[in-house]
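Engineer: what's the 3D shape of this:
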Amino acid sequence: QVQLVESGGGLVQAGGSLRLSCAASGRTDSRYAMGWFRQAPGKEREFVGGISWSGDNIYYSDSVKGRFTISRDYAKNTVYLQMNSLKPEDTAVYYCAATYSSGRVYERVYEYGYWGQGTQVTVSS
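Structural biologist: Model (predicted):
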């Protein structure tokens, strides 16, 4: 079992930045890939980006590529989502997710077995 807790959300003006954190606890000795998803009101949860266990593979959705950066700190069992040049359409609840893996990055909601509670990001125009 892995428990995930997101933090760092908030209200920011368009063009601003936020950094989300996802702290993992529990069975963190196993290898797992991490993903970030978001869900806006009335919309399906969508993939934002993901990082493999090794960190060698990182994927982003086209909507955030070039603006968002994922990184992980193994010593702290924490994954980060640095969000720059935020737009009002980035407004959503952001979730981190984990799945046991080796070298892959996963992009589908159903591929992840562990989820955080979510953190709200609101970008004002």
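
Engineer: any idea how far the residue nearest to the spatial centre of the chain lies from residue 67?
Structural biologist: Using Cα atoms, centre = their mean, the residue of the chain that lies closest to the mean C-alpha position is residue 36, 2.3 Å off. Separation of residue 36 from residue 67 (Cβ to Cβ, to the nearest Å): 13 Å. To be clear about C-beta, it is placed using only N, CA and C from the backbone, and glycine gets the same treatment.

Engineer: Just the pLDDT for the closest residue to residue 35 other than its chain neighbours.
Structural biologist: Taking Cβ to Cβ, 6 or more residues apart in numbering as the measure, residue 35 lies nearest to residue 50, with 3.9 Å between them; neighbours along the chain are not counted. Model confidence at residue 50, expressed as pLDDT, equals 97.

Engineer: show me the residues around residue 117 that make contact.
Structural biologist: Applying Cβ atoms under 8 Å, 6 or more residues apart in numbering to residue 117 gives the contacts 5-6, 95.

Engineer: Now which of the residues you listed would you call buried?
Structural biologist: The neighbour count (16 or more other Cβ atoms under 10 Å) marks 6, 95 as buried among the contacts of residue 117.

Engineer: quick check, nearest of the contacts of residue 117 to residue 43?
Structural biologist: For the contacts of residue 117, the residue nearest residue 43 by Cβ to Cβ is residue 95; the value is 13.2 Å.

Engineer: Extract the C-alpha trace of the host helix or strand of that closest one and format it as CSV.
Structural biologist: Taking DSSP states H and E as the criterion, the element that holds residue 95 is strand 92-100. Extracted in CSV, the C-alpha atoms of strand 92-100 (Å, rounded to 0.1, in the frame of the first residue of the first chain):
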residue,chain,number,x,y,z
ALA,A,92,-8.8,22.0,-11.9
VAL,A,93,-8.3,19.6,-9.0
TYR,A,94,-4.8,18.1,-9.5
TYR,A,95,-4.2,14.5,-8.4
CYS,A,96,-1.0,12.5,-8.1
ALA,A,97,-1.1,8.8,-8.7
ALA,A,98,1.2,5.8,-8.3
THR,A,99,1.5,2.4,-9.8
TYR,A,100,4.1,-0.3,-9.4
